[in-house]
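Colleague: Return atomic coordinates for the entry below.
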Amino acid sequence: MARKSTIIAHCPRDVEVGKRSGQNSLVLDVRLFGSKAGSLHIAQGSVEWWPDYKKVNAHRFNWWEFINLLESGKVKRSKR
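Modeller: Predicted structure coming up:
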């Protein structure tokens, strides 16, 4: 059975995650059914989702906003 999703992490090194503009941010490339869905950038002060179809503006959240978004249950979920 083929994989439905793939997550690829680009870790600069084993150190504490730094600022988004620095080289210590963590980048997760998300692929669904073989095509890239987007990239999740995790940094010291924020989390950014860069959809593959949207090259200019990311969805930016500080950590409190991101936590509230996840805990609110308002995140779209796919049916399993």
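Colleague: you'd agree residue 42 is up against residue 10?
Modeller: No. Using Cβ atoms under 8 Å, residue 42 makes no contact with residue 10, being 10.8 Å away. For the C-beta atoms, the positions are set from N, CA and C on the backbone; glycine is no exception.
Colleague: ok, residues contacting the lowest-mean-pLDDT helix or strand in the chain?
Modeller: The weakest-scoring helix or strand in the chain, judged by mean pLDDT, DSSP states H and E, is strand 5-10 (a mean of 72). The set of residues external to strand 5-10 that reach it, using Cβ atoms under 8 Å, 6 or more residues apart in numbering, is 26, 27, 28, 29, 30, 31, 32, 33.
Colleague: so can I have a markdown table of those showing pLDDT, neighbour count and secondary structure?
Modeller: Formatted as a markdown table, the contacts of strand 5-10 follow (pLDDT from 0 to 100; neighbours: other Cβ atoms under 10 Å; DSSP: H, G, I helix; E, B strand; the rest coil):
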| residue | pLDDT | neighbour count | secondary structure |
| --- | --- | --- | --- |
| 26 | 80 | 15 | strand |
| 27 | 82 | 16 | strand |
| 28 | 84 | 15 | strand |
| 29 | 86 | 16 | strand |
| 30 | 86 | 17 | strand |
| 31 | 85 | 16 | strand |
| 32 | 85 | 14 | strand |
| 33 | 84 | 10 | coil |
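Colleague: just those now: which is nearest residue 59?
Modeller: Nearest to residue 59 among these, counting by Cβ to Cβ, is residue 30 at 13.1 Å.
Colleague: ok, so what distance separates that closest one from residue 64?
Modeller: 23 Å (Cβ to Cβ, to the nearest Å).
Colleague: Right, I'll call it a day here.
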